[in-house]
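Visitor: build me a model:
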Amino acid sequence: MKITTPRLTQHVLTAEGRTTGEPVLFVHGNVSSSAFWRDSLAALPAGYRPLAADLRGFGESDPAPVDATRGLRDYSDDLIELVEALDLEGVHLVGWSLGGGVVLQVLRDRPAAVRSVTLVNPISPYGFGGTEGPDGRLTHPDGAGAGAGAANPDFVARLQAGDMSEESPTSPRNVLRSAYVKHPIPDEDFYLRSMLTTRVGEAHYPGDAATSGSWPGVAPGKTGVLNAIAPTHFRLDDLHEIGPRPPILWIRGADDVIVSDTSLFDLAHLGALGVVPGSPGTPAQPMVTQTRAVLARYGAYREVVLDDCGHSPHLERPEEFRRLLAEHLGEA
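Guide: I've put the predicted structure just below:
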């Protein structure tokens, strides 16, 4: 269904006949759409109302531009308006990867509207790239190493071209196979087509690139998704100060190569490996450690690690993911 709010028209995926019950709003990750939640919505237990929104610039929602200087608030404010338009009281939020950062921003800004939060391999509360240490301190004041300039240009070009081939390691299909999941999943073409709904350009993915005088020579720009998650624009180290504090369940795959203390998408770690030349020894961003530190201050959280699982537990270990989610919703 399509819901128009003052900000934009959003596409919301639902489960047929499920129009009542406690609302559970699923939020997808970067370079994907609500389609990644299709099976999770259908499997949600009775008594809940499943919904999954396409973020702006993904899926079938309006391609409104992303002001990265607001961090993730363009996305989170869209969701807050969606919750209000649908009159969803006490909403359960489920966020995967980028969506984990978005739902945490909703929690930070509107805690009273949230009944529970489930994080699925979320980005760090200190963004993606450009920080070090558990406290997320900036490696350089300009956020060097983060932002749109860190994107692989061949992947961006293939994404824009709608490439469904497997001819290159940087084709969307091979990125799905090698980074989104650890093992093959059914319906690969279905999820690939979802990835290809991503709007490409300076206003969306990856955003506008900026240069830096510090290694690796790139810094966050002002528009688009990768700049929105840069640490100069997005930081959530004060979650422990909000009230009320609904319970958080953190589910993650142990073998995630995207969100990790040694992420293969972090230029600092790639520099340490010698993949990106000229590294001055900048340490990798400890993304998982940073998330744990922020949630430990928050207090009301539980971490579950799934072995032999990558970035997408809801696709790779669906039965276990659904059980954990159902238990969390029931306890909340």
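
Visitor: what's the helix or strand residue 323 falls within packed up against?
Guide: Using DSSP states H and E, residue 323 maps to helix 318-331. Helix 318-331 sits against helix 38-43, strand 114-120, strand 248-253, strand 301-306, helix 313-316, with contacts defined as 3 or more C-beta pairs under 8 Å, 6 or more residues apart in numbering; DSSP states H and E. No exception for glycine: its C-beta is placed from N, CA and C like everyone else's.

Visitor: what's the angle from it to strand 301-306?
Guide: Per axes from the mean of the first three to the mean of the last three C-alpha atoms, to 10 degrees, the angle that helix 318-331 makes with strand 301-306 is 170 degrees.

Visitor: show me what helix 318-331 is in contact with.
Guide: Helix 318-331 is contacted by residues 22, 24, 39-40, 43-45, 48, 92, 94, 116, 118, 120, 247, 249, 251, 302, 304, 306, 313-314 when judged by C-beta atoms under 8 Å, 6 or more residues apart in numbering.

Visitor: let's go with 10 Å and repeat that
Guide: By C-beta atoms under 10 Å, 6 or more residues apart in numbering, the list of residues contacting helix 318-331 from outside reads 22, 24, 26, 39-40, 43-45, 47-48, 92, 94, 115-118, 120, 185-186, 247-249, 251, 253, 302, 304, 306, 309, 312-315, 317.

Visitor: got the phi and psi for the residue nearest in space to the middle of the chain?
Guide: The chain has residue 98 as the residue nearest its centroid, 1.2 Å off, counting by C-alpha atoms, centre = their mean. Backbone torsions of residue 98, given as degrees, to the nearest 10, read phi -50, psi -40.

Visitor: distance check, it against residue 69.
Guide: 17 Å (C-beta to C-beta, to the nearest Å).

Visitor: again with residue 267
Guide: Noted for residue 267: a distance of 22 Å to residue 69, by C-beta to C-beta.

Visitor: just the buried subset of the contacts of helix 318-331, written out for PyMOL, thanks.
Guide: Here is the PyMOL command that selects the buried residues among these (16 or more other C-beta atoms under 10 Å):
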select buried, resi 22+24+26+40+43+44+48+92+94+115+116+117+118+120+185+247+248+249+251+253+306+309+312+313+314+315+317
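
Visitor: before we move on, the earlier item: more neighbours: which of residue 267 and residue 69?
Guide: residue 267 (25 against 16; other C-beta atoms under 10 Å).

Visitor: who's in contact with that one?
Guide: Contacts of residue 267 (C-beta under 10 Å, 6+ apart): 129-130, 144-146, 149-150, 215-218, 275-276, 279, 282, 284-285.

Visitor: make it 8 Å
Guide: Counting by C-beta under 8 Å, 6+ apart, the residues that residue 267 touches are 129, 145, 150, 216, 218, 276.

Visitor: neighbours of residue 228, how many?
Guide: Quick note: residue 228 (other C-beta under 10 Å) scores 31 neighbours.

Visitor: count the neighbours of the nearest residue to it once chain neighbours are set aside for me.
Guide: In space, residue 228 comes closest to residue 68 once its chain neighbours are excluded; the distance is 4.2 Å by C-beta to C-beta, 6 or more residues apart in numbering. Neighbour count for residue 68, taken as other C-beta under 10 Å: 27.

Visitor: now do residue 68 against residue 220, distance only.
Guide: Taken as C-beta to C-beta, the span from residue 68 to residue 220 is 7 Å.

Visitor: list residues touching both of those two?
Guide: With C-beta under 8 Å, 6+ apart, residue 68 and residue 220 have common neighbours 227, 230, 233.
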